[in-house]
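# I would like the atomic coordinates for the input below:
(2 chains)
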Amino acid sequence: MSRGEDAAEAKERRELISMISPAYTDARGNERGDIENILRAYFFRQNSITLLSKIEEVRLIADSAAEIELTVGMAGQNDGVLGFSADAYRFELELTREGDDWLLISARWGELGEELH
Amino acid sequence: MTRKFMHFQMVLLTICLSGCATVAESLVDSPNVDLRNVQIVGLGFKSQTFLLSFDIANPNSFPLPIRHVGYGVRLDGQRFASGETACDFTVPANGDTSFAISVDLDLLKTAPQLLSIVRGGAGRDVRYELEGRFAVDIPFTSEVSYHDTGRVRLNGNGY
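Below you'll find the predicted structure:
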């Protein structure tokens, strides 16, 4: 059972990473490899934090691009001492169509209520 | 809307939107931080200004955008400086960089023993202990703590 779950998670991770365009860049200076490594870290170190989220809006642009706006919240206690560990974020994902696939080409995010960058 | 586009959304839903996905509690490995230098910038009777220079190495395979630093420094076993400050720098993936913090102190009040060390110790190495936390601009990342001990040179610029 556990091996099956691991395999399923690995497949999920690969599938998610395959949806990031090789041309991915964002305002923070991340490229595809950076996002890939962050996602790997999320998957490998998953623990007991629960995410609650909602797609706010999906915008199709000229059939070859799209934007998805979503809000993601983290359930549980914020134990940050500096007070800079937010519990909820807003994401704006930019997708581009390459052949039959939709790939993530850029993303902006920020704490809920704050400016995205 | 095409089937593929719906598929992208479904994966998003599966990965992080379903309400039961889990993510890392400690996504980030603690960076290695060294206090490289303590520069005496101003040395008055009532206040003293120091520039603390740090080296920071990122052991993670992704860049670490640092937005806030909390720090506490002890010199020769005595509390020297502590505080927190906003900042905006990124430590490259598996790379290093440096940053500096300027602090104004009144050692006469807070640590008179240190004042004599500072006045007489410029140019010599002093034992230090450093600890603190970073706020990192990666979603759902806990603040990252760091700790280091070593020896640091007090540089006086003529003091």
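# so where is the chain shaky, pLDDT-wise?
All of this is about chain A. When residues are selected by pLDDT under 70, those of chain A lie in A:1-11, A:45-50, A:75-86.
# that's the other chain; I wanted chain B
The model of chain B has pLDDT under 70 over residues B:1-26, B:121-122, B:157-159.
# in it, which strand is the longest?
What stands out as the longest strand in chain B, according to DSSP state E, is strand B:78-91.
# please save the CA atoms from the following helix or strand past it in CSV.
Remark: after strand B:78-91, the chain's next helix or strand is strand B:96-105, criterion DSSP states H and E. C-alpha atoms of strand B:96-105 as CSV (Å, rounded to 0.1, in the frame of the first residue of the first chain):
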residue,chain,number,x,y,z
ASP,B,96,26.4,32.0,-1.1
THR,B,97,26.2,35.7,-0.7
SER,B,98,26.8,38.3,2.1
PHE,B,99,24.8,40.9,3.8
ALA,B,100,25.4,43.5,6.5
ILE,B,101,23.4,45.0,9.3
SER,B,102,24.2,48.4,10.9
VAL,B,103,23.4,48.5,14.6
ASP,B,104,23.5,51.4,17.1
LEU,B,105,24.2,50.4,20.7
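# strand B:96-105 near chain A anywhere?
No. Using C-beta under 8 Å from any C-beta of the partner chain, strand B:96-105 never reaches chain A; the gap is at least 13.1 Å. From N, CA and C alone the C-beta is placed, and that goes for glycine too.
# cool, and stretch B:53-66?
Yes. Shown here: stretch B:53-66 in contact with chain A (C-beta under 8 Å from any C-beta) through B:60, B:61, B:62, B:63, B:65.
# can you check stretch B:143-153 too?
Yes. Using C-beta under 8 Å from any C-beta, stretch B:143-153 reaches chain A at residue B:143.
# now that stretch, how far from the chain's geometric center?
Between the centre of stretch B:143-153 and the centre of its chain there are 8 Å (C-alpha atoms, centre = their mean, to the nearest Å).
# in that stretch, which residues are buried?
Residues of stretch B:143-153 classed as buried by neighbour count (16 or more other C-beta atoms under 10 Å in any protein chain shown): B:143, B:144, B:146, B:152, B:153.
# just the strands in chain A please.
Using DSSP E, strands in chain A cover A:46-61, A:65-75, A:88-98, A:101-111.
# now those strands in CSV, with mean neighbour count and distance to chain B?
Formatted as CSV, the strands of chain A follow (neighbours: other C-beta atoms under 10 Å in any protein chain shown; distance: least, C-beta to the nearest C-beta, whole Å):
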stretch, mean neighbour count, distance to chain B
strand A:46-61, 14, 4
strand A:65-75, 17, 5
strand A:88-98, 19, 5
strand A:101-111, 19, 4
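# what's the closest of those strands to residue B:82?
Among those, strand A:101-111 comes nearest to residue B:82, with 26.0 Å by C-beta to C-beta.
# other SSEs contacting that closest one?
Applying 3 or more C-beta pairs under 8 Å, 6 or more residues apart in numbering or on different chains; DSSP states H and E, one finds that strand A:101-111 contacts strand A:88-98, helix B:3-12.
# between it and strand A:88-98, how many degrees?
160 degrees (axes from the mean of the first three to the mean of the last three C-alpha atoms, to 10 degrees).
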